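[1] this one's structure only:
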Ligand code: LMR
């Protein structure tokens, strides 16, 4: 009898000990998503929406936390941090891949994409697949998930109105880290200074640079318009993002989670496309409004002939980088 009680006690103890192990919840996979822009921009919105949906639909399995406005990492640093596993996701602009996947600078080519539909045909088609393969081939430990839009860029400066190529002569512009943007400025007789996004406002304010190029959403949310006298709606180049994830992190995710994340991301990408158009319209109008009310900023819209003159000045850049941006891509996109 004593033996039986003893055995029973041991069994109960074992059961008690094993229950928490059985019931113990698996820890969710954590995704730190770092980016440099404000929340009220296409990328800021997309990252938040992706996090909201994942945190809701994969509750307990995956947790996403977004770090906007370069809180964690600025620009090119984010790519290195992601490859090293300090963050799991990021969405740097194409220009920031100059040192890692230089083919992405395709998107920095001035006046290459006729409209946003041409960008979508590019990323959704064979060129997009080739870019995805480039990431794998380079063995960076980075997986390309999707592409997100911002919009087309506008020029601004403090020196003089920027209407014709001669107006750009000698003007110092802040540019992103792309060599193609540097060549674009050179083709206009201007100087491109590569600076991180988080330093642009101060650089403009303190006269380190005279001007900059960016989309309405970045100009508006970071208040660049406050420290510029002239802004030209030139739509001379595209700004978009490669949404990336640490390859090792991705590989260790169970297949069903990978599938759910891919589905959510595909749907969010569709929404980002719509949101980007709406924000561009809304924030361009807000910049025009500020110009009108404050009298401190002059806005210029170009005639088709003026656009053509700028275009003629910069298109030689299209074939200056054929070692990283194949001529076949350029020709294909021009026909879109
Ligand atoms: C910039 O540096 O101007 C942009 O790449 C910022 C961004 O991510 O939109």
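    Ah, there it is. The shown structure was predicted, so the numbers you read here are calculated from the model rather than taken from an experiment. Numbering: from 1, shown residues only.

[2] ok, what's across the strand from the residue of the stretch 1-150 of the chain found nearest the ligand?
    Of all residues in the stretch 1-150 of the chain, residue 93 sits closest to the ligand, at 3.3 Å by C-beta to the nearest ligand atom. To be clear about C-beta, it is placed using only N, CA and C from the backbone, and glycine gets the same treatment. Here residue 93 shows beta-bridge partners residue 241, assigned using DSSP bridges.

[3] From residue 258, how far out is it?
    In this structure, residue 93 and residue 258 are 25 Å apart, going by C-beta to C-beta, to the nearest Å.

[4] what about these two, which has more around it?
    A direct count of neighbours by other C-beta atoms under 10 Å for residue 93 and residue 258 places residue 93 higher, at 28 against 13.

[5] Report whether the expected contact of residue 168 with residue 186 is present.
    No: using C-beta atoms under 8 Å, residue 168 is not in contact with residue 186; the gap is 10.1 Å.

[6] residues from the stretch 1-150 of the chain in reach of the ligand?
    36-37, 43, 93, 150 (C-beta under 6 Å from any ligand atom).

[7] so of those residues, which ones are in strands?
    Those of these mapping onto strands are residue 150, per DSSP state E.

[8] Any chance of a markdown table for the residues of the stretch 1-150 of the chain next to the ligand, columns pLDDT?
    Formatted as a markdown table, these follow (pLDDT from 0 to 100):
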| residue | pLDDT |
| --- | --- |
| 36 | 96 |
| 37 | 97 |
| 43 | 98 |
| 93 | 98 |
| 150 | 98 |
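
[9] Would you mind giving me the ChimeraX syntax to select the buried ones in the residues of the stretch 1-150 of the chain next to the ligand?
    Here is the ChimeraX command that picks out the buried ones among those, judged by 16 or more other C-beta atoms under 10 Å:
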select :36,37,43,93,150
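
[10] Format the residues of the stretch 1-150 of the chain next to the ligand as JSON lines; extra columns: distance to residue 138.
    Output for these, formatted as JSON lines (distance: C-beta to C-beta, whole Å):
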{"residue": "36", "distance to residue 138": "23"}
{"residue": "37", "distance to residue 138": "25"}
{"residue": "43", "distance to residue 138": "23"}
{"residue": "93", "distance to residue 138": "18"}
{"residue": "150", "distance to residue 138": "24"}
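
[11] Please name every helix or strand in contact with the longest helix anywhere in the chain.
    The longest helix of the chain (DSSP state H) is helix 255-294. Judged by 3 or more C-beta pairs under 8 Å, 6 or more residues apart in numbering; DSSP states H and E, the packing partners of helix 255-294 are helix 42-57, helix 116-124, strand 142-152, helix 216-221, strand 230-233, strand 298-301.

[12] Of those, which stretch is the most buried?
    Counting by mean count of other C-beta atoms under 10 Å, helix 216-221 has the highest mean neighbour count of the helices and strands packed on helix 255-294, with a mean of 24.

[13] Tell me, how many residues neighbour the closest residue to the ligand within the stretch 101-250 of the chain?
    In the stretch 101-250 of the chain, the residue that lies nearest the ligand is residue 197 (3.4 Å; C-beta to the nearest ligand atom). Residue 197: 21 surrounding residues under other C-beta under 10 Å.

[14] Report whether the expected contact of residue 64 with residue 28 is present.
    No: Residue 64 is beyond contact range of residue 28, at 9.7 Å (criterion: C-beta under 8 Å).

[15] Looks to me like residue 69 is in a helix.
    No: going by DSSP: H, G, I helix; E, B strand; the rest coil, the assignment for residue 69 is coil, not a helix.

[16] ok, now which ones touch it?
    Applying C-beta atoms under 8 Å, 6 or more residues apart in numbering, we find residue 69 in contact with 35-39, 198.

[17] Where does pLDDT dip in the stretch 101-250 of the chain?
    By pLDDT under 70, the stretch 101-250 of the chain contains no weakly predicted segment.

[18] Can you verify my assumption that the residue of the stretch 101-250 of the chain closest to the ligand contacts residue 70?
    Yes: the pair residue 197 / residue 70 is scored as a contact, 6.9 Å apart, by C-beta under 8 Å.

[19] who touches both of these two?
    Residues touching both residue 197 and residue 70 by C-beta under 8 Å, 6+ apart: residue 36.

[20] wait, what's in contact with the residue lying closest to residue 62 once chain neighbours are set aside?
    In space, and not counting its chain neighbours, residue 62 is closest to residue 29: 4.9 Å by C-beta to C-beta, 6 or more residues apart in numbering. Applying C-beta under 8 Å, 6+ apart, one finds that residue 29 lies in contact with 61-63, 249, 253, 257.

[21] which of the residues you listed sit farthest apart?
    Farthest apart among the contacts of residue 29 by C-beta to C-beta are 61 and 249. That separation is 14.0 Å.

[22] Would you mark the buried spots in the helix or strand where residue 130 lies?
    For residue 130, the host element (DSSP states H and E) is helix 126-137. Of the residues in helix 126-137, 127-128, 131-132, 134-135 count as buried by neighbour count, 16+ other C-beta under 10 Å.
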